[in-house]
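Novice: sequence plus the predicted model coming up.
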Amino acid sequence: MRILVVEDELKMASLLRRGLVEEGHAVDLARTGDDALWMAQAAEYDAIVLDLMLPGLDGVEVCRRVRESGVWAPVLMLTARDAVEDRVAGLDAGADDYLPKPFSFAELLARLRAVLALGISASLNAPWSCNVRKVMAGTQLPVSTRSTWRSSKNTSVFVCRSTSRPSPSPMIT
């Protein structure tokens, strides 16, 4: 899994990177809001771990702009600001989860797994646009961002794409 970690405190950024790499993830680091916005739009990430208090654009604004640009990688806000208003602002900006510091690394990993699972199940319920495409033998088609399918004979296949951002189901408590 490829994760963008956005953290301006060098020690925290290094700890997050080391822990995530030890868990088998590829990690890119951004130290400012402007860098985070550029990186999130320039590369495809499976998840974004985003600090709230950053030089330049703050985490809420980064999240809002990332979502407006059409990037829908799950965002986990990780910050020392734990007031209810801060959590609500982060979630309203498009974050998928919010974890206040200090935190347990095991909880961070569990929350990343949870937002990734929610993203997958939500995308299955998203509106889809499908069409039939005739393909010749030897043609390659993308199956996901990481694999392709090669036809062995002339055939017809369904090609489907999500037509909008998956929206989470309403929660009733």
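Specialist: The structure has been received and is ready for your questions.
Novice: mind giving me the domain ranges of this protein?
Specialist: 2-124, 128-162 (automatic domain parsing).
Novice: okay, those, which one's buried deepest?
Specialist: domain 2-124 (a mean of 17; mean count of other C-beta atoms under 10 Å). Heads up, the C-betas are built off the backbone N, CA and C, glycines and all.
Novice: could I get the average pLDDT for that domain?
Specialist: Averaged over domain 2-124, pLDDT sits at 90.
Novice: and the top helix by length along the chain, what other elements does it pack with?
Specialist: Secondary structure of the chain per DSSP state H: the longest helix is helix 105-124. Packing contacts for helix 105-124, counted by 3 or more C-beta pairs under 8 Å, 6 or more residues apart in numbering; DSSP states H and E, involve helix 10-22, strand 47-50, strand 75-79, strand 97-100.
Novice: turn the ones you listed into CSV, including distance to Ile3.
Specialist: CSV is the format used below for those (distance: least, C-beta to C-beta, whole Å):
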stretch, distance to Ile3
helix 10-22, 6
strand 47-50, 5
strand 75-79, 9
strand 97-100, 14
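Novice: looking at these, spot the one closest to Ala106.
Specialist: helix 10-22 (9.9 Å; C-beta to C-beta).
Novice: which one is Leu112 nearest to, not counting chain neighbours?
Specialist: Excluding the flanking residues, the one nearest Leu112 by C-beta to C-beta, 6 or more residues apart in numbering is Ala47, at 5.6 Å.
Novice: can you pull the contacts of the one you found?
Specialist: Ala47 sits next to 1, 3-4, 73-76, 112, 115-116 when contact means C-beta atoms under 8 Å, 6 or more residues apart in numbering.
Novice: recalculate using a threshold of 7 Å.
Specialist: Contact analysis of Ala47 by C-beta atoms under 7 Å, 6 or more residues apart in numbering lists 1, 3, 73-74, 76, 112, 115-116.
Novice: right, I'll leave it there.
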